[in-house]
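Undergrad: Show me the folded form of this:
(one chain, ligands or ions: 1)
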Amino acid sequence: MSKIILYNYFRSSTSYRVRIALNLKNIEYVYQPVHLINNGGEQFSSAYQALNPMSEVPTLEHDGLALGQSVAIIEYLEEQFPNPSLFPKDIQKRGKIRQFCENINSFLHPLSNLKVLKYLEQTHGYDQKQKEEWINHWYQKGLLASETWLQKNMGHYCFGDQVTVADCFLVPLVFTSERFNVDLTPYKNILNVNERCLKLEAFKHAHPFRQIDTPAELKIT
Ligand SMILES: N[C@@H](CCC(=O)N[C@@H](CS)C(=O)NCC(=O)O)C(=O)O
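TA: So this is what the prediction gives:
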């Protein structure tokens with residue numbers, strides 16, 4: 001198999017999604033850190049922009065292909081390395097799982113993205129507390145929908161007793177919510193599934209605090 005390189009950042013939730021998917025599929029990869037803060041943000045270097053014109057992580061490199069966007073990357077991995085699959089065979093279930101992931105990917109995540117928070121800070125003078133209020137406001141709406149979907153569909157994991165791509169999206173969402181002090185107490189299903197996922201090796205190894213670029217003061221064993 002040709003080498004797979006994942007350009008990513010320990011704390012990036014979109015990178016975290018892809019790391020989980022790679023681990024669940026037992027795919028070996030080279031971890032290439034891209035520091036989003038140091039040196040003005042390494043994502044803005046011309047070498048990195050040549051790989052990812054959005055100047056974002058993650059980017060996956062494989063067989064001459066450089067692919068950005070975590071959803072596209074995970075679907076690519078699913079098609080290149082179908083076993084074990086992260087998407088159930090049942091078409092309606094797959095539809096519901098994609099709906100679940102898309103709510104996190106296209107609604108929730110962009111509202112807490114670094115460049116959006118930087119804009120709020122630099123253009124509108126937001127301090128940390130105001131940024132957290134902003135995130136909390138929007139996250140409550142998306143989390144409530146996620147909780148409702150889990151109520152109807154969950155088993156041991158998000159959609160039944162098999163881990164699916166939905167779990168790859170949920171766990172990083174919880175990590176980011178906790179990072180920004182979002183109140184998660186109303187979302188018992190989310191918290192329960194998250195806790196169960198975090199017991200699995202694939203999720204443990206992908207955790208932001210266990211990566212090679214995790215700062216020493218945040219590292220966990
Ligand atoms: N939709 C993209 C979003 C990627 C993204 O926003 N990544 C963030 C980190 S989680 C980033 O690189 N931000 C850099 C910046 O805002 O300057 C994906 O799913 O891959």
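Undergrad: From here on, just use CA atoms for contacts and neighbour counts.
TA: Will do.
Undergrad: ok, which stretches of this protein are helices?
TA: Remark: helices assigned in the chain by DSSP state H are 13-24, 46-51, 70-80, 91-102, 109-111, 114-124, 128-153, 165-179, 188-197, 201-206.
Undergrad: winner for burial among those helices?
TA: Mean neighbour count (mean count of other CA atoms under 10 Å) peaks for helix 13-24 among the helices of the chain, with a mean of 24.
Undergrad: which residues are contacting it?
TA: 8-10, 28-29, 57-58, 70, 73-74, 77, 84, 86, 165, 168-169, 171-173, 175-176, 202-203, 205-208 (CA atoms under 8 Å, 6 or more residues apart in numbering).
Undergrad: hang on, the earlier thing: which one, of the helices of the chain, ends up nearest to His35?
TA: The closest of those to His35 is helix 46-51. By CA to CA, the value is 11.2 Å.
Undergrad: can you give me how far that closest one is from the chain middle?
TA: Here the centre of helix 46-51 is set off from its chain's centre by 22 Å, with CA atoms, centre = their mean, to the nearest Å.
Undergrad: repeat for stretch 35-46
TA: The chain centre lies 20 Å from the centre of stretch 35-46; the measure is CA atoms, centre = their mean.
Undergrad: And the contacts of it?
TA: Tyr9, Val34, Tyr48, Gln49, Ser55, Glu56, Val57.
Undergrad: how about it: buried residues?
TA: In terms of neighbour count (16 or more other CA atoms under 10 Å), stretch 35-46 has its buried residues at His35, Leu36, Glu42, Gln43, Phe44.
Undergrad: As TSV, those with pLDDT and distance to the ligand would be great.
TA: Listed next are these as TSV, based on pLDDT from 0 to 100; distance: CA to the nearest ligand atom, whole Å:
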residue	pLDDT	distance to the ligand
His35	97	9
Leu36	97	6
Glu42	97	9
Gln43	98	7
Phe44	97	8
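Undergrad: Tell me the residues of the protein that contact the ligand?
TA: 12-14, 56-58, 68-71, 113-115 (CA under 6 Å from any ligand atom).
Undergrad: one more time with 5 Å
TA: Counting by CA under 5 Å from any ligand atom, the chain comes close to the ligand at Ser12, Ser13, Thr14, Glu56, Val57, Gln69, Ser70, Leu114, Lys115.
Undergrad: which pair in these spans the largest distance?
TA: Maximum pairwise distance among the residues of the chain next to the ligand (CA to CA): 17.0 Å, between Ser70 and Lys115.
Undergrad: ok so, going back, quick one: which two of the contacts of stretch 35-46 are the most distant?
TA: Tyr9 and Gln49 (15.4 Å).
Undergrad: hmm, back to that, just the buried ones from the contacts of stretch 35-46, in ChimeraX syntax?
TA: Here is the ChimeraX selection string for the buried members of the contacts of stretch 35-46, based on 16+ other CA under 10 Å:
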select :9,34,48,55,56,57
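Undergrad: quick check, nearest of the contacts of stretch 35-46 to Arg94?
TA: Closest approach to Arg94 among these (CA to CA): Val57, at 25.7 Å.
Undergrad: which residues touch that closest one?
TA: Residues in contact with Val57, defined by CA under 8 Å, 6+ apart, are Tyr7, Asn8, Tyr9, Ser12, Thr14, Ser15, Val34, Gln43, Gly68, Gln69.
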